[in-house]
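Trainee: 3D, please:
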Amino acid sequence: MEKSSSKPLLILASESPRRRYLLEQAGLSFSVIPSSFDESSVPMQSPETYVKILAGAKAGKISEAYPESWVIGADTVVVIGDTILGKPDSRAEARAMLKRLSGQVHRVFTGYAIYCKSKNVKFSETVKTDVLFKHLTDQEIEWYVHTKEPFDKAGAYAIQGLGTFLVKSVNGSYTNVVGLPVCEVIEFLIKNGVLNFEHS
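Mentor: I've put the predicted structure just below:
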């Protein structure tokens with residue numbers, strides 16, 4: 001896949017290695033310029049709205065500095081019942097999250113935003129995926145917690161890493177669970193002429 005002939009610059013406004021990996025796997029060329037937006041300034045609300053607002057704020061902050069570029073922002077949360085599971089701060093918290101998710105269906109919401117200030121484009125949307133965990137034994141949870149993978153991950157697991165063994169089924173976008181709904185992002189970029197299918 002190629003950028004259009006006007007060669008607009010793509011920027012990922014996230015330091016997440018998982019989002020960077022997803023875009024690289026899709027063959028995109030882009031710069032990584034993490035947003036310094038203060039997430040704590042946004043009050044908690046419904047997960048769908050919350051992640052969309054955060055994604056837009058992150059993209060908007062970088063878009064102001066790079067008005068000619070197309071900027072991608074994103075934010076992901078894991079929800080079970082009415083509880084939003086963030087990133088665990090300790091082994092005990094990671095253990096508790098995994099026990100809560102064991103044998104249950106939870107939802108992963110990723111808000112993504114694509115901004116281009118010079119073209120007055122401000123788009124944001126939320127994608128939801130349902131994920132079913134297997135029933136986890138205490139030994140499995142203890143082993144996984146000690147791999148250190150659960151930390152810095154919403155819901156205390158990484159579906160694309162060692163945590164793949166936790167997941168029994170996925171209903172919806174797999175890449176959304178990793179951290180970015182790649183299909184939807186690329187569809188938008190193609191529709192707006194940022195990407196095309198020319199080959200050299």
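Trainee: and the closest residue to residue 161 other than its chain neighbours, what does it touch?
Mentor: The spatially closest residue to residue 161, leaving aside those adjacent along the chain, is residue 149, at 5.4 Å (C-beta to C-beta, 6 or more residues apart in numbering). For the C-beta atoms, the positions are set from N, CA and C on the backbone; glycine is no exception. Going by C-beta atoms under 8 Å, 6 or more residues apart in numbering, residue 149 touches 157-158, 161-163.
Trainee: mind doing that once more with 6 Å?
Mentor: Counting by C-beta atoms under 6 Å, 6 or more residues apart in numbering, residue 149 touches 158, 161-162.
Trainee: then residue 131?
Mentor: Counting by C-beta under 6 Å, 6+ apart, the residues that residue 131 touches are 106, 108, 170.
Trainee: returning to that earlier point: quick check, the residue nearest to residue 161 in a strand?
Mentor: No: applying DSSP: H, G, I helix; E, B strand; the rest coil, one finds residue 149 to be coil, outside a strand.
Trainee: for residue 61, see how far away it is.
Mentor: 29 Å (C-beta to C-beta, to the nearest Å).
Trainee: so where is the chain shaky, pLDDT-wise?
Mentor: 1-8, 38-39, 198-200 (pLDDT under 70).
Trainee: where exactly do the helices run in it?
Mentor: Under the criterion DSSP state H, helices of the chain are mapped to 17-25, 47-65, 91-101, 138-146, 174-178, 182-191.
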